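>>> Sequence plus predicted model, see below.
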Amino acid sequence: MSSPTITTGIPSVDLSKFTSGDATAKEEFVQELGKAFHEVGFVAVTNHGVPQELIDHFYDAAKKFFGLPVKTKLATQVPELAGQRGYTAFGVEHAKQSQVADLKEFFQIGQEVTDNDPIKEEYPTNIKVSEVPEFTNLGQDLYASFEDAGKNLLRAIALFLNLEESYFDKYVHNGNSILRAIHYPPISHEPKSAIRAEEHEDIDLITLLVGASADGLQLQNENDEWVPIKAGVGAIVINVGDMLQRLTNNYLKSTTHRVVNPPREKWHLPRLSIPFFLHPRSEMDLTCLESCVTAERPIAYEPITAGDYLDERLREIGLKK
């Protein structure tokens, strides 16, 4: 899996400054991450602690899964789970403002509760793929590693917002996070109007995205220009989701982004990407933080729980009926 040597289009930060640096380095990281989330909504993170070998092995297993016959993949699709576990076929999901389906198929792995937390009853069982057993096994390992990195990023954000460092910990412990492997197949004919992933914002607190196998990710800047994003070797792209934007009353920015189709000469190339959507527990209150409500930024949202908000958004994007 090739990657550019440097990050372009977004700021870059080093998580080890927060996890193993001194007090000065830790505070520098808090301000760097907070500034990026406030001004851009996206950042590339290095030294994040997610093993590259694990990423590579899961990537290879995902390629094997998506290379299976359609009938075999459809056997791991459970419609009543609204895409939250297992396979979702090509052409099902769309952006909330669009009725044209994105040019992708995907597979989702969710939380494995291992500590007798009653919340386990809320979560569907993960779907196993007998034809590629390492796919879901590696996925669960990668899920845990992403979750650890995400918790550290949220601790830094809590400090940036003048909250207790542990503010998010109880909400993301056994949270409703999702690891998604997305496959964008080769484009065989001129699409009517669809692109690989139409412009959208993510639903969650933050998203962690490891390097995709092809270009195409773009963010929309404050001048409504589309800026290509490339993560450097070993970096993870992180972006603010709507839940965190909502909690901070638009102080932290959930930036619109998309995945565009490649130039015609590269239509034959598939694209595989692996985002981790870090969600809190369903009972988390997303009421805007008082400290983020000012005369210049009056309260923008009605109170809602994370679970109700997720349910609302899954209906908007066509995964839940």
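Sure, I can see it.

>>> what's the neighbour count on the closest residue to residue 68 other than its chain neighbours?
Distances taken as C-beta to C-beta, 6 or more residues apart in numbering put residue 131 closest to residue 68, at 5.9 Å, once the chain neighbours are dropped. For every residue, glycine as well, the C-beta is placed using N, CA and C. Counted with other C-beta atoms under 10 Å, residues neighbouring residue 131 total 14.

>>> Do a quick rundown of the helices in this protein.
Assigned by DSSP state H, the helices in the chain fall at 16-19, 23-39, 52-66, 70-74, 133-160, 169-172, 242-247, 306-316.

>>> Return the most buried member of the ones you listed.
helix 242-247 (a mean of 23; mean count of other C-beta atoms under 10 Å).

>>> outside of it, which residues touch it?
37, 157, 201-206, 252-254, 279-280, 286-289, 292, 301, 304, 306, 309, 313 (C-beta atoms under 8 Å, 6 or more residues apart in numbering).

>>> Sort out which of those residues are in strands and list them.
Among the contacts of helix 242-247, the ones falling in strands (DSSP state E) are residue 206.

>>> excluding its backbone neighbours, what's nearest residue 49?
Residue 49 sits nearest to residue 149 (C-beta to C-beta, 6+ apart), 5.5 Å away.

>>> wait, what's in contact with the one you found?
15, 45, 48, 49, 50, 208, 236.

>>> What residues are bridge-paired with the residue nearest the centre of the chain?
In the chain, the residue lying closest to the centroid (C-alpha atoms, centre = their mean) is residue 207, at 3.0 Å. Beta-bridge partners of residue 207, counted by DSSP bridges, are residue 239, residue 277.

>>> that older thread, how near is the residue nearest to residue 68 to residue 302?
46 Å (C-beta to C-beta, to the nearest Å).

>>> what do you get for residue 89?
From residue 89 to residue 302 the distance is 34 Å (C-beta to C-beta).

>>> what about those two, which has more around it?
residue 89 (16 against 9).

>>> Can you give me the distance of the more buried one to residue 185?
If you go by C-beta to C-beta, the gap between residue 89 and residue 185 works out to 11 Å.
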